[in-house]
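Peer 1: With the input below, show me the fold.
(one chain, ligands or ions: 1)
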Amino acid sequence: MKKIKMLYEGKGKKLYSTEETSVLIAEFKDDLTAFNAQKKGKEIGKGELNCKISSFLFELLEKNGISTHYIQRLDEQNILCKEVKIIPIEVVARNVATGSLSKRLGIKEGSVLPFCLVEFYYKDDALGDPLINDEHCRILGITNSQEELEFLKSQAKKINLILKDFFDSKDLKLIDFKLEFGKDTKGNIILADEVSPDSCRFWDKNTNEKLDKDRFRQDLGDVKFAYEEVLRRIIT
Ligand code: TMP
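Peer 2: As a prediction, this is how the structure comes out:
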């Protein structure tokens with residue numbers, strides 16, 4: 001399968017059309033951004049690591065009954081995926097307080113939440129991806145169906161159970177993560193985008209060392225080492 005035309009360039013990936021209708025190639029970029037791209041960087045090899053980690057995790061989720069856009073990995077930096085119309089909601093699931101949750105509500109970083117908290121953020125860079133609730137989604141015209149919103153929440157919780165157990169077996173704590181869903185050509189809602197250290201937070205189970213994009217966000221250094229360590233643990 002070959003790239004025909006670039007359809008979209010996001011902060012972490014480029015999407016290309018292929019010879020086949022509704023089948024795209026996603027190329028994982030080495031670019032790193034944070035705080036709505038106010039902070040920018042590049043880490044050679046990061047695209048490759050995210051491509052491999054995401055591919056592995058999409059395969060794991062598919063094996064556990066989650067429908068995703070993933071078809072197969074093509075090479076080091078590219079995957080084949082189904083074309084979807086992205087639902088403009090960033091679905092965040094959290095097990096442990098940190099990041100914007102701690103900042104917004106004053107919950108101490110590292111506090112284990114009593115249950116998996118699912119939040120919606122409006123995917124709009126100009127507005128800085130604000131936190132929204134179900135009624136905002138309906139007013140914004142994202143969906144008129146409460147059932148669709150409930151489906152997104154239940155998928156996020158299911159995905160959390162699958163990933164949390166898996167990462168626990170690799171001595172990693174799954175702190176929180178962001179998912180994006182889209183509608184395929186038949187109108188089915190499937191998981192899209194990526195599942196990687198760019199979109200998840202992982203802490204070492206024993207030391208709480210951060211092994212994700214927070215190393216870039218917080219200038220902790222060793223960004224690539226952290227992503228390599230996540231890949232090493234998940235494949236061994
Ligand atoms: P937050 O604590 O900054 O709201 O982040 C929650 C989770 O979502 C965390 O795993 C990082 C991820 N995330 C993204 O993937 N993209 C984003 O733009 C933001 C703000 C967070």
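
Peer 1: Phi first, then psi, for residue 39.
Peer 2: Here is the backbone geometry of residue 39 (degrees, to the nearest 10): phi -110, psi 130.

Peer 1: and if you look at residue 45?
Peer 2: Dihedral angles (degrees, to the nearest 10) for residue 45: phi 100, psi -10.

Peer 1: quick one: contacts for the nearest residue to it once chain neighbours are set aside?
Peer 2: Ranked by Cβ to Cβ, 6 or more residues apart in numbering and with sequence neighbours excluded, the top spatial neighbour of residue 45 is residue 224, at 5.8 Å. Placement of C-beta: from N, CA and C, glycine included. Shown in contact with residue 224 (Cβ atoms under 8 Å, 6 or more residues apart in numbering): 43-46, 49.

Peer 1: now swap in residue 54 and tell me
Peer 2: 28, 70, 79, 194-196.

Peer 1: please redo it, this time with the cut-off set to 6 Å
Peer 2: Residues in contact with residue 54, defined by Cβ atoms under 6 Å, 6 or more residues apart in numbering, are 194-196.

Peer 1: possible to save the residues you listed as a markdown table with neighbour count and secondary structure?
Peer 2: What follows is the contacts of residue 54, written out as a markdown table (neighbours: other Cβ atoms under 10 Å; DSSP: H, G, I helix; E, B strand; the rest coil):
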| residue | neighbour count | secondary structure |
| --- | --- | --- |
| 194 | 28 | coil |
| 195 | 25 | coil |
| 196 | 26 | coil |
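
Peer 1: can you list these in CSV and add distance to the ligand and pLDDT?
Peer 2: Putting these into CSV (distance: Cβ to the nearest ligand atom, whole Å; pLDDT from 0 to 100) gives the following:
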residue, distance to the ligand, pLDDT
194, 9, 98
195, 10, 98
196, 9, 98
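
Peer 1: Quick check: residue 7 vs residue 126, distance?
Peer 2: Distance, residue 7 to residue 126, by Cβ to Cβ, to the nearest Å: 21 Å.

Peer 1: Could you check which of the two is surrounded by more residues?
Peer 2: Set side by side, residue 7 and residue 126 show more neighbours around residue 7, with 12 against 6, by other Cβ atoms under 10 Å.

Peer 1: Can you list phi and psi of that one for me?
Peer 2: Torsion angles, degrees, to the nearest 10, at residue 7: phi -100, psi -30.

Peer 1: Secondary structure element for the closest residue in space to it that isn't next to it in sequence, which one?
Peer 2: Nearest non-adjacent residue to residue 7, counting by Cβ to Cβ, 6+ apart: residue 15, 5.0 Å away. In this structure, residue 15 sits in strand 13-17 according to DSSP states H and E.
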